[in-house]
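Enquirer: Quick check, what structure comes out for this input:
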Amino acid sequence: MRAPGCANPLRGCGGATDPRSTSGGRWRAYAPDGGLVLATGPDGLGRGGGVWSLHGATWSAVGGSGSPLSGARVRALAFSRSGTPLVASGRGVWEFARGAWSLVGGPRAPRVLGGTVAFAVCPSGTVVAATSDQGTWEWDGRAWRQVGGGETWRPMSMAAVTCGRGGRLLAIEGETGPWQYAGGRWSRLPGTGDALTSGGALTLAPDGTAIFGGQGVWAYGVRR
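Expert: Numbers count the residues shown, from 1 in each chain. This next block holds a predicted model:
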């Protein structure tokens, strides 16, 4: 997936088959080998949509034209700890491994995962999926479970999520702002205000500081 001779692959690469010219909305990420992967949603005419990789100056659909994600509206993109692409669409959460796409969790995976809007891959390898209206879910390699599913008071309409050490999660709920999951329970982060309810980016610095990207860039000190 590496793009030799391409100084700026986000602007200067791709020929006539460039999916960026016919797609509506896009997520891009660099694979562990340095290659560029692009996930797109179709435009107003239904063109584009799917997952693409850049080879030299040519884009190709990951998994070929018969991919189950061909033409899909992809809503999130990440890489697992083993380097395989993970994407979410209205059809669920998918992984590309051994040359093919497969539904993470198989046909019995919770249908609510079709509403995934953001991913986080934890240091342990656990995959966390934040959904638009059904809270946050995690995959441990064997089964999906809802994070804090037994709690009455928990964030549901998610916008972003990230994870730190020891199973700690940090998330943004679209209406109430930042939340933290630690010690087996969810709690809101105090003093963050309305400016962080629409954050589209979220990460944790090595010292435990939370970095939010929404209406500007914000830093919030939280204990590990």
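Enquirer: From here on, just use CA atoms for contacts and neighbour counts.
Expert: Fine.
Enquirer: For Gly167, see how far away Gly64 is.
Expert: Distance, Gly64 to Gly167, using Cα to Cα, to the nearest Å: 36 Å.
Enquirer: Correction: the previous question concerned Gly125.
Expert: Distance from Gly125 to Gly167, counting by Cα to Cα: 11 Å.
Enquirer: What of Arg28?
Expert: Distance from Arg28 to Gly167, by Cα to Cα: 26 Å.
Enquirer: Tell me which of these two has more neighbours.
Expert: Of the pair Arg28 and Gly167, Arg28 is the one with more neighbours under other Cα atoms under 10 Å, namely 17 against 14.
Enquirer: got a list of what that one touches?
Expert: Leu36, Val37, Leu38, Ala39, Leu77 (Cα atoms under 8 Å, 6 or more residues apart in numbering).
Enquirer: Let's see that with 6 Å instead.
Expert: Val37, Leu38 (Cα atoms under 6 Å, 6 or more residues apart in numbering).
Enquirer: Same check on Phe119?
Expert: With contacts defined as Cα under 6 Å, 6+ apart, the neighbours of Phe119 are Val128, Ala129.
Enquirer: so it bridges to which residues?
Expert: Ala129 (DSSP bridges).
Enquirer: And the helices in the protein?
Expert: Assigned by DSSP state H, the chain shows no helices.
Enquirer: Break this structure into its domains for me.
Expert: What automatic domain parsing lists as the domains of the chain is 1-74, 76-221.
Enquirer: Could you tell me the least trusted of those?
Expert: Across the domains of the chain, domain 1-74 has the smallest mean pLDDT, namely a mean of 67.
Enquirer: Pull the distance from stretch 99-111 to the chain's centre.
Expert: Relative to its chain's centre, stretch 99-111 lies at 16 Å (Cα atoms, centre = their mean, to the nearest Å).
Enquirer: Okay, buried residues for that stretch please.
Expert: Trp101, Ser102, Leu103, Val104, Gly105, Ala109, Pro110 (16 or more other Cα atoms under 10 Å).
Enquirer: which ones among these are found in strands?
Expert: Assigned to strands by DSSP state E, the following of those qualify: Trp101, Ser102, Leu103.
Enquirer: Contacts only, for the closest residue to the first one other than its chain neighbours.
Expert: Spatial nearest neighbour of Trp101, excluding adjacent residues (Cα to Cα, 6 or more residues apart in numbering): Glu95 at 5.5 Å. Contact criterion Cα under 6 Å, 6+ apart gives Pro85, Leu86, Trp101, Ser102 as the residues in contact with Glu95.
Enquirer: now do 8 Å
Expert: Shown in contact with Glu95 (Cα under 8 Å, 6+ apart): Thr84, Pro85, Leu86, Val87, Trp101, Ser102, Leu103, Val104.
Enquirer: what does Asp133 give?
Expert: Contacts of Asp133 by Cα under 8 Å, 6+ apart are Gly115, Met156, Ser157, Met158.
Enquirer: can you give me phi and psi for the second one?
Expert: The reference is to Met156. Per-residue torsions, Met156: phi -120, psi -40 (degrees, to the nearest 10).
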